[in-house]
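Trainee: generate coordinates for the sequence data below:
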Amino acid sequence: MSVNDTLRFHRALFATNLKTALANRGAFWMNVGFMLLNDAIWFCVWIVFFARYPTIRGFTLTDMALLQGVLATAFGIGVVFAAGTRELARMIADGDLDTFLIQPKPPLAHIAASRMMANGLGDIAYGIVLIATFADIDGAAWAWLPVGVLSGSVVWVSFSVLVHSIAFWAGPFQSLAKQMNEIIITVTGYPDRIYGGALRVVLFTLLPAGLFAWLPARLVREPSLANFATVVLGALGLALAAIIVFRAGLRRYESGSRFGSMN
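Mentor: Predicted structure coming up:
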């Protein structure tokens, strides 16, 4: 398939997923609304905290608003456009990749876009409103926001592919893979300055929490060529690693339609 054909296919797939989600409009808007409300309540906790303790090692409420906004928006984009990665380990173990492999589309991209979590729209709305309301960024910083958010989204999707691809070698891994997805979201929701030593090294390497939200938020707050290169090249590098690992696993998967039949 050409690039244009692939883009048209994914636009059509997204439209189909959206129509499916909107089939029950009441449930759709309830999911979006509850997610937005859930996120807002969590930020209220930080408002109370910073009212008592104005800074955490120089990290203020406006910094927290920017971090939480970037985190929520990046995650929301990831689950709206690529929620299929959250089911990848199950598909591998159950032999459900066969449906994607027989079609003339890039299998990983097709799998990622095959599912959509509508409540991710609530995360996106919350993140943008939070940044506009509390983050205290100027007009120039807004120009950097799409770069940071999209890079963070690529990191989250790529990390999801990497951890779920472990199922190619380890067998049923869905539960642990989802836990690892949740862990990176949880640890990134706190200021990076509270982590130190070996744990900080892990969070910027094995668990790419830094590339997911901390560094993208820093790019928006402190735009520079160095921060731009770190965020964008880091996201592209992780995406390339995810593609390589998935393809390596796919060669193993081709030896049988289910993990139980693999040698």
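Trainee: where along the stretch 1-150 of the chain do the strands fall?
Mentor: Read by DSSP state E, counting those that start in this stretch, the stretch 1-150 of the chain holds no strands at all.
Trainee: can you list the weak-confidence ranges in it?
Mentor: Counting by pLDDT under 70, the ranges of the stretch 1-150 of the chain that qualify are 1-3, 5-6.
Trainee: how near is the spatially most central residue of the chain to residue 181?
Mentor: When CA atoms, centre = their mean is applied to the chain, the residue found nearest the centroid is residue 156 (3.1 Å). To residue 181, residue 156 is 8 Å away according to CB to CB, to the nearest Å. Placement of C-beta: from N, CA and C, glycine included.
Trainee: same check, this time on residue 41
Mentor: Taken as CB to CB, the span from residue 41 to residue 181 is 22 Å.
Trainee: tell me which of the two has more neighbours.
Mentor: Using other CB atoms under 10 Å as the criterion, residue 41 and residue 181 rank with residue 181 on top: 20 against 9.
Trainee: what sits against that one?
Mentor: Counting by CB atoms under 8 Å, 6 or more residues apart in numbering, residue 181 touches 86, 159, 160, 163.
Trainee: from those residues, which land in helices?
Mentor: Among these, the members found in helices (DSSP state H) are 159, 160, 163.
Trainee: so which of those residues is the most crowded?
Mentor: Most surrounded of these: other CB under 10 Å gives residue 160, at 27 neighbours.
Trainee: and it, how far from residue 194?
Mentor: According to CB to CB, residue 160 stands 25 Å off from residue 194.
Trainee: do the same with residue 137
Mentor: 22 Å.
Trainee: who's more crowded, the two?
Mentor: Shown here are residue 137 and residue 194; by other CB under 10 Å, residue 137 has more neighbours (18 against 12).
Trainee: mind putting the contacts of residue 181 into TSV with distance to residue 30?
Mentor: As requested, the contacts of residue 181 are arranged in TSV below (distance: CB to CB, whole Å):
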residue	distance to residue 30
86	21
159	29
160	26
163	30
